[in-house]
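J.: would you be able to build a 3D model of this:
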Amino acid sequence: MDSKTLQSTPIDAEILQKLKDEIKQELFNILNNSNLSKIIEKYGISAQDILKLEYTLNVNQLRSNEFGVDEQTQTLNKSCMVLRKPCPIDNNPDGCWMDC
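T.: Numbering: from 1, shown residues only. From the prediction side, this is the model:
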């Protein structure tokens, strides 16, 4: 079948949210297993929320590929994570990464 005749399959808000959640969980896993907290301590920095990471799921890039994206999903593309020391969940002094 010719690619020009293929119709794009829209990604609805629920599927895009699942994708976003899975990406966020993977980033949390990577960051919580990193040495970023130890690097910060190495330089004598102990302030809470010293690192904040923001990332964007480029919905427009999805739109230009094989998938269409519903207009309502545009609001689901930005997220933020922050290193909290100590971790408010388990009081780990090295901290943990959480949503902003």
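
J.: which intervals of the protein have sub-threshold pLDDT?
T.: Counting by pLDDT under 70, the chain contains low-confidence ranges at 1-11, 47, 60-76.

J.: how about the lengthiest helix in it: buried residues?
T.: Ranked by residue count and defined by DSSP state H, the top helix of the chain is helix 13-32. Of all the residues in helix 13-32, those buried under the rule 16 or more other C-beta atoms under 10 Å are Leu16, Lys20, Lys24, Leu31, Asn32. (Each C-beta comes from the backbone N, C-alpha and C, glycine too.)

J.: quick one: that helix to chain centroid distance?
T.: Centroid separation for helix 13-32 versus its chain: 6 Å, with C-alpha atoms, centre = their mean, to the nearest Å.

J.: in terms of secondary structure, what does that helix contact?
T.: Counting contacts by 3 or more C-beta pairs under 8 Å, 6 or more residues apart in numbering; DSSP states H and E, helix 13-32 packs against strand 52-56, strand 78-84, strand 96-99.

J.: could you export these as a markdown table, including distance to Lys38?
T.: Putting the helices and strands packed on helix 13-32 into a markdown table (distance: least, C-beta to C-beta, whole Å) gives the following:
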| stretch | distance to Lys38 |
| --- | --- |
| strand 52-56 | 17 |
| strand 78-84 | 11 |
| strand 96-99 | 13 |
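
J.: between those strands, which one is nearest to Ile39?
T.: Among the helices and strands packed on helix 13-32, the nearest to Ile39 by C-beta to C-beta is strand 78-84 (10.8 Å).

J.: can you list the strands that that closest one pairs with?
T.: Strands that pair with strand 78-84, judged by DSSP bridges, come out as strand 52-56 (antiparallel), strand 96-99 (antiparallel).

J.: how about the last one, which residues are buried there?
T.: Judged by neighbour count using 16+ other C-beta under 10 Å, the buried positions of strand 96-99 are Cys96, Trp97, Met98.

J.: now, which of those sits nearest Asn58?
T.: Asn58 has its nearest neighbour among the buried residues of strand 96-99 in Trp97, at 21.7 Å by C-beta to C-beta.
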